[in-house]
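> this is a predicted model, with the sequence first.
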Amino acid sequence: MDANKLGRILKSMEEKGIPQMIISDPPTIFYLTGKWIIPGERLLALYLNVNGNHKLVINELFPQEKDLGVELVWYNDVQDGVEILSQFVEKDKPIGIDKVWPARFLLRLQELGAGSKFVNGSMIVDYVRMVKDEHEQQLMREASLANDKVMEKLIPLVNKGYTETELNKLVRDLYAESGHSGVSFDPITAYGKSGADPHHVTDNTKGKRGDSVVLDIGGILNDYCSDMTRTVFLGEVSDKAREVYEIVKEAQRRGIEAAKPGNRMCDVDLACRNYIEEKGYGKYFTHRTGHSIGMEDHEYGDVSSVNEDIIQVGQVFSIEPGIYLMDEEIGVRIEDLVIITEDGCEVLNHFTKDLIVVPMED
């Protein structure tokens, strides 16, 4: 296992009085071991103890050829994996359980009397994963640069008469062609009124002259996610749409300016939100300003008005204010990812945020 990452988790466990913990979340197991194991409905459990004696309880259907840096404990489909796991748990001490462990396994562990108390241990892992090391930061840079290139290829396609669904498939094709292992979330490719719905589900709508086109896309490159949004316009842009676009652009600039160590996550949200409210569109900014990102597109640590956590060097999160006017069929969102540095932040996306009007084809 990665000694530095493991050490940070064990130190936090000690500080919080949690002497032992079960991690079943595949991304976190990858984070520690460098190996993705997707168990489906079967038990997969990494047992950590502040005194050592770590174990990975794993089904025989998932043979491992490389050393994962932890002792592997095997079970098969006719054995009780939880009962095997319980043999390592110190029954007179509390145990942390991660938030994604299926209840059927937790209930069985409780029936076996393993652990004196069961607590949510996910916050330990979430806070450790929230701060990226230098290697992770470089992977995030590379993923975002690759995403810029996908966006550059995507925008000229919005005027070709494709439906949202067809354009969505083309996004996926662009990621596959550029060496990505997949998309980090279902892309949003939304024309006009659809773009005024912040999480519109892709349908067969086609774009028309004057539409705003919201393109919210991200891919997975070397196991790390990218995520960015640009809004462009088809053929022409109305004065109202231009006004909304420039307000969102300025709000996002203010959010980026507030993204620095020592500030709170809510300070970033409010930097965007207060400006949009000042311009009279507050009720049309209907979501939080951003989310943390890494091996998963949405990780712990959101950029919202209620998150008072202090921003730390090494955090990576999105800044994505938006304004959505359903009645006027105008939706605008602009999103970049940032890495928090010692004196501010590094913006990972470099694709222009200048207003783009894509000419309509005859």
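It's in.
> quick one, helices of the stretch 151-300 of the chain?
Under the criterion DSSP state H, counting those that start in this stretch, helices of the stretch 151-300 of the chain are mapped to 164-177, 239-258, 265-278.
> contact partners of the last one?
When contacts are defined by Cβ atoms under 8 Å, 6 or more residues apart in numbering, helix 265-278 is touched by residues 247-248, 250-252, 254-255, 257-259, 282, 284-285, 288-290, 301-309, 311, 317, 319, 321, 323. Every residue, glycine included, has its C-beta placed from N, CA and C.
> which of those residues fall within strands?
Judged by DSSP state E, the subset of the contacts of helix 265-278 located in strands is 290, 301-303, 317, 319, 323.
> turn the residues you listed into a markdown table, columns for neighbour count and distance to residue 10.
Conversion of those to a markdown table gives the following (neighbours: other Cβ atoms under 10 Å; distance: Cβ to Cβ, whole Å):
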| residue | neighbour count | distance to residue 10 |
| --- | --- | --- |
| 290 | 27 | 30 |
| 301 | 24 | 21 |
| 302 | 20 | 26 |
| 303 | 29 | 29 |
| 317 | 26 | 26 |
| 319 | 28 | 33 |
| 323 | 25 | 45 |
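> which two among these are spaced furthest apart?
Spatially, the most separated pair among the ones in strands among the contacts of helix 265-278 is 301 and 323, at 24.4 Å (Cβ to Cβ).
> out of everything not next to it in sequence, what's closest to residue 125?
residue 28 (5.3 Å; Cβ to Cβ, 6 or more residues apart in numbering).
> neighbours of that neighbour, how many?
Taking other Cβ atoms under 10 Å as the criterion, the count of residues near residue 28 is 22.
> kindly report the same for residue 72.
13.
> mind starting the numbering at 39 from now?
Happy to do that; since the first residue is 39 now, the last one works out to residue 110.
> sec struct for it, please.
Assigned state for residue 110: strand (three-state reduction, DSSP: H, G, I helix; E, B strand; the rest coil).
> of all the ones in strands among the contacts of helix 303-316, which comes closest to residue 134?
For those, the nearest to residue 134 is residue 339 (18.8 Å; Cβ to Cβ).
> can you pull the pLDDT of that closest one?
What the model reports as pLDDT for residue 339 is 96.
> was I right to think it contacts residue 161?
No. Taking contacts as Cβ atoms under 8 Å, residue 339 lies outside contact range of residue 161: 10.7 Å.
> contacting residues around residue 370?
With Cβ under 8 Å, 6+ apart, residue 370 has these contacts: 233, 250, 252, 269, 279, 282-283, 286, 360-362.
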